[in-house]
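> Provided below are the primary sequence and the corresponding predicted coordinates.
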Amino acid sequence: MSNEDAILACIEQTMVADAKLIREAENQLNEYQKQDGFTTFLLNVIGNEAISANIRLSSAIYMKNKLQRCWGSKREAGIKSEEQQAIKQKLVEVLVKVIDNNHLRPALTESVRAILNNNDPWNLTGVINELLKSGEQQYTYAGLLLLFEVCIAHRWDMSDNRSEIDEVISQVFPTIEGIASQLVNREDYKSNELLYLILKCFKYACLNNFPAYFKDINKVNAWIEMHLFVCAKQFPKEVLDLEPADRSLDKRVKVNKWGFGNLYKFISKYSRTTKAISEEFNSYVISNLTPVIIQQYFKIIQSWKEGTLWLSEASLFYLIEFFEKCLVEDSLYQHIEPHIQIIIENIIFSCVCATKESMELLEDDPEEYTRRYFDLNKEGSTSDVASTDFIYVIGHKRPEKLNSILPFVSEILQSYSTNSDNLECAFKQEGALRMISSLFTQLDENTELEAIFSNFIVPLLSQNNYQFLLARSLETIAQYTKKFEDMGTLSKIFELTYNHFMNSDVLPVRVEAADALKTLIIANPDIHSHISSQVPGITEKLLMLSKEFELDTLSEVIETFVEHFADELTPFAENLASSLVEQFLTLGNSILENSSSSYNAAEQDQEIQACALLQTMTTMVMSMTKVSLIDKFVPVVKFVIINAQISLLSEIVDLMDSLALSAQALFNQFTPTIWEIVHDVLDSFETYAMDYFESYLVFFETLVTYGFPKDQTFAEPFLTILSAKLESEIDYDVESVLDILVFYTLSMNDIPLFSKAIKAASVEELEIEDSQIIKLFLASLSVKPLETFQICESEGFTLALLTKWFDNKFASVFSTKLQILAILSVMKLPELPGSVIGYISQLSNKLVQLTEELPTAIRRRDAMAQGAEGLQEIFDNANADDDAFFEEYEDDLKETVLDDVNAFQEVANFFTQLQSVNPTRYQQVIGSLSEEKKNSLETIIEFVSTN
């Protein structure tokens, strides 16, 4: 290239501290990168050791991004086919050359991945084999890196599309098997880094879909044997001398981890027969390989138990997951069934006990201790998580084994009374508590379970020597969601829990005490009146704790207290709201400041906490109905909407809806503050919100039901959004618009967009449910029957809509009333449209039939509102026709203008007035009714007149 020096100057300029100069350099590079040969030039820069390291690294990153963006692209900046082959060859050469450069190497391997991910037919088999057979470690490393990228690119290839990866495996795996056989006996870091890559290649090439390579059973045996060898291999002193956190990052430890991980994935994938996995292979895995693996695992457990073999948390996780798989699958269960007790006592129990390390973590970093051992939202591949899952699965899948587990746990718990000063005994108490709490949902005898609390939990809560046991005992209470029958036990547990929450200065004790209080008040409503005076103090303490420690559990606890003690907390509502808003805005600003392109665990934790705070605010608004919290919470709504916090959208819409409903309930109208929210929301549709239209549905329904009937300032821009969404050709968006238009039509007595809506809904590719367009049709008939028929006639939809209406079965109260009002509205027209005259008989009989069915619909709605008891009543008397009601039930959960409509009165008034106003029509209607329907109509009219 003629301007190579200028390109290098631009790359160097992107690293200066001046933002303006950086932008200028990036803009110039954007022009250069459109030129042929630009990517090849960057590769030359990366491989040129005479150029500064920073420029080479920036070039590598720029090249990687360009390949990801432009390989195979037909745009101006796309890399032309004649340059692509040169880039591939040069890319391999440079990778080999800089293989030991930890900064450049990742960018180069990601560049290889970028090419492969674009479905480029890049056959690297020959190059890989040549590198692997060189005998030189740097070439072997490069070859394995390339193989790893090929395996990654093809990891999801299905059984009928594996020819390419199967060819790579058949050509390359014999070579890496030879390499692996040498590497497994070496202890140095570099050799294990190569072995780690081999294990990962095996995982991606062979453990997602059945490889042709496995048809040679000897190959399978060899790989399993090699995995078992690395699982049992001792670590050198160099590794064991590392700090635990650093130790898990060492490649030698990762080799051990993926030995266990691959065996778990192997047994999960190949212990069942599929189209690709033959019964013969499946049988071999179950009968021949599984027993060998289990036998070796027992030896490993024995060494681990004796302390002669160290295993990482991840290795233990996959080892236990393997046993859990054997527990679940009947075909595998036979191999571990005789050994369940051994597994539990020798590994499961050991993994859930406290340790000196966990005690040290509690003392040194109580916040990390709480997150590590008590945050249920923090997923991790740890041995204790796998162990509690294993115990849960036993209770769920193999309950007959509980007869041997429960006595073991009971014996451990009983030992504390005579060994309370023994630290090892205290460690075991934690293990016993974790095991028993994992089984709460499987144990039915409340009396026996309550005895555990009175005999063991209460004494543990009464001691103060072991703070980790206090936290675990409180967590055990939090896990017990059944009602206490013995009020004495409940009273004692609540008192101890309350005191620990109010007085402890140990973070995990306070957090778990809060969680336990939540469970106690939810499961035991009888204590509410006894503790109501303590609730304000508890809530104040909760707010202080939630400011100190960000954990969504605490927000859930606050929400529970607000929901169950709204009256007690109402005097403190404004202070509580201010505190929640302060916490949220602090958290929200932190999320904005720390947001990165790569979503990380810390951001996820903050978002979970933010969601929990928003849910608590919503609960406050809905529960504390005597106080207005609108102005308090509006800053939170504005923050989320203006800053486009999409991950919080669902929760913020619920909060907006509750605030709007609160304004309606307290002031009988939307306040100016609510209209500010509406303005901000509609503005957001100019930028990002169009893509999330469906999320706003519940708020928009409230807006059109209560807002627009009294103030139409924002009605026009709102309808503009609906109109745009009708043109979107996105099925769920069109369905959402139809739902909103039903509410708008009934509230505003207007039918905007009706013509556009029925045309959009008729697009066959969208497969819109007939019921949705019928409801809009009926709503439109209810308010403007003549205009509705005129639109239908002009668009040619009248016959189709009437036919769909009569063919559909509606069962909810809302739909039944809607149909009644639509028919009455049509029948009240001075002159019926020609298209309807032929339907007088059907409409008349349907009107009476719907009025007959309405009481049943009301009873079913009320039964559904009662919860489980009402549901049981419906199911006990259910018939095939009830299915439609359950699908529609959501309609009856919403507040609509039809709620206050007395359909029986409307029908009676209609017939009374019609007889005098339009006797001819009256005779037509009555004359078209069957005798049965006439009698029903007389009964309805008589009932209305006497009530």
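That came in fine, so what should we check first?
> ok, residue 525 - how many residues close by?
Residues within reach of residue 525, counting by other C-beta atoms under 10 Å, total 10. C-betas here are computed from N, CA, C, even on glycine.
> is it correct that residue 429 is in contact with residue 460?
Yes - taking C-beta atoms under 8 Å as the contact criterion, residue 429 and residue 460 are neighbours in contact, 6.7 Å apart.
> which residues do the two both contact?
416, 469 (C-beta atoms under 8 Å, 6 or more residues apart in numbering).
> could you list the low-pLDDT ranges of the stretch 401-550 of the chain?
Judged against pLDDT under 70, the low-scoring parts of the stretch 401-550 of the chain cover residues 445-447.
> if we go to 90?
Under the criterion of pLDDT under 90, the regions of the stretch 401-550 of the chain flagged as low confidence span 404, 441-449, 546-550.
> break down it into its helices, ranges please.
Along the stretch 401-550 of the chain, counting by DSSP state H, counting those that start in this stretch, helices occupy 402-415, 423-437, 446-452, 458-462, 467-479, 487-503, 507-523, 528-531, 535-548.
> distance between the first one and the chain's centre?
In terms of C-alpha atoms, centre = their mean, to the nearest Å, the gap separating the centre of helix 402-415 from the centre of its chain is 36 Å.
> ranges for the helices of the stretch 651-800 of the chain?
With DSSP H, counting those that start in this stretch as the criterion, the stretch 651-800 of the chain has helices spanning 672-684, 697-702, 715-726, 731-748, 754-761, 770-783, 785-795, 798-807.
> contact partners of stretch 707-715?
Applying C-beta under 8 Å, 6+ apart, the contact partners of stretch 707-715 are 660, 669, 670, 674, 675, 678, 679, 682, 718, 744, 747, 748.
> how many neighbours does the residue nearest to the first one when sequence neighbours are not counted have?
I take that to be residue 660. In space, not counting the residues next to it along the chain, residue 660 is nearest to residue 702; the distance is 4.9 Å by C-beta to C-beta, 6 or more residues apart in numbering. Under the neighbour criterion other C-beta under 10 Å, residue 702 is assigned a count of 23.
> and the end-to-end length of stretch 522-542?
Taking C-alpha to C-alpha, to the nearest Å, the first and last residues of stretch 522-542 lie 17 Å apart.
> in that stretch, what counts as buried?
Within stretch 522-542, the residues that qualify as buried are 524, 527, 531, 535, 536, 538, 539, 541, 542, counting by 16 or more other C-beta atoms under 10 Å.
> what does stretch 407-424 give?
Of the residues in stretch 407-424, 409, 410, 412, 413, 416, 420 count as buried by neighbour count, 16+ other C-beta under 10 Å.
> surely the fifth one and residue 424 touch.
No - with contact defined as C-beta under 8 Å, residue 416 does not count as touching residue 424 (11.2 Å).
> just the C-alphas of the strand or helix carrying residue 387, formatted as PDB.
Following DSSP states H and E, the helix or strand that holds residue 387 is helix 383-397. Output of helix 383-397 as PDB, limited to C-alpha atoms (Å, rounded to 0.1, in the frame of the first residue of the first chain):
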ATOM      1  CA  SER A 383     -19.300 -28.600  45.000                       C
ATOM      2  CA  ASP A 384     -21.800 -27.500  47.700                       C
ATOM      3  CA  VAL A 385     -24.400 -26.400  45.000                       C
ATOM      4  CA  ALA A 386     -24.000 -29.700  43.200                       C
ATOM      5  CA  SER A 387     -24.300 -31.600  46.500                       C
ATOM      6  CA  THR A 388     -27.600 -29.900  47.600                       C
ATOM      7  CA  ASP A 389     -29.000 -30.500  44.100                       C
ATOM      8  CA  PHE A 390     -28.000 -34.200  44.500                       C
ATOM      9  CA  ILE A 391     -29.900 -34.400  47.800                       C
ATOM     10  CA  TYR A 392     -32.900 -32.700  46.300                       C
ATOM     11  CA  VAL A 393     -32.900 -35.200  43.400                       C
ATOM     12  CA  ILE A 394     -32.800 -38.100  45.800                       C
ATOM     13  CA  GLY A 395     -35.900 -36.800  47.500                       C
ATOM     14  CA  HIS A 396     -37.600 -36.200  44.300                       C
ATOM     15  CA  LYS A 397     -36.500 -39.100  42.200                       C
END
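> out of everything not next to it in sequence, what's closest to residue 818?
Nearest to residue 818 is residue 778, by C-beta to C-beta, 6+ apart, at 4.9 Å.
> columns distance to residue 787 on top of the helices of the stretch 401-550 of the chain, output as JSON lines?
Output for the helices of the stretch 401-550 of the chain, formatted as JSON lines (distance: least, C-beta to C-beta, whole Å):
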{"stretch": "helix 402-415", "distance to residue 787": "69"}
{"stretch": "helix 423-437", "distance to residue 787": "64"}
{"stretch": "helix 446-452", "distance to residue 787": "64"}
{"stretch": "helix 458-462", "distance to residue 787": "71"}
{"stretch": "helix 467-479", "distance to residue 787": "59"}
{"stretch": "helix 487-503", "distance to residue 787": "63"}
{"stretch": "helix 507-523", "distance to residue 787": "52"}
{"stretch": "helix 528-531", "distance to residue 787": "55"}
{"stretch": "helix 535-548", "distance to residue 787": "55"}
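> so which of those is nearest residue 696?
helix 535-548 (28.7 Å; C-beta to C-beta).
> taking helix 423-437 as reference, get the angle to the helix holding residue 387.
Between the direction of helix 383-397 and that of helix 423-437, the angle (axes from the mean of the first three to the mean of the last three C-alpha atoms, to 10 degrees) works out to 40 degrees.
> which strands or helices does helix 383-397 pack on?
Helices and strands in packing contact with helix 383-397 are listed as helix 313-328, helix 349-352, helix 402-415, helix 423-437; criterion 3 or more C-beta pairs under 8 Å, 6 or more residues apart in numbering; DSSP states H and E.
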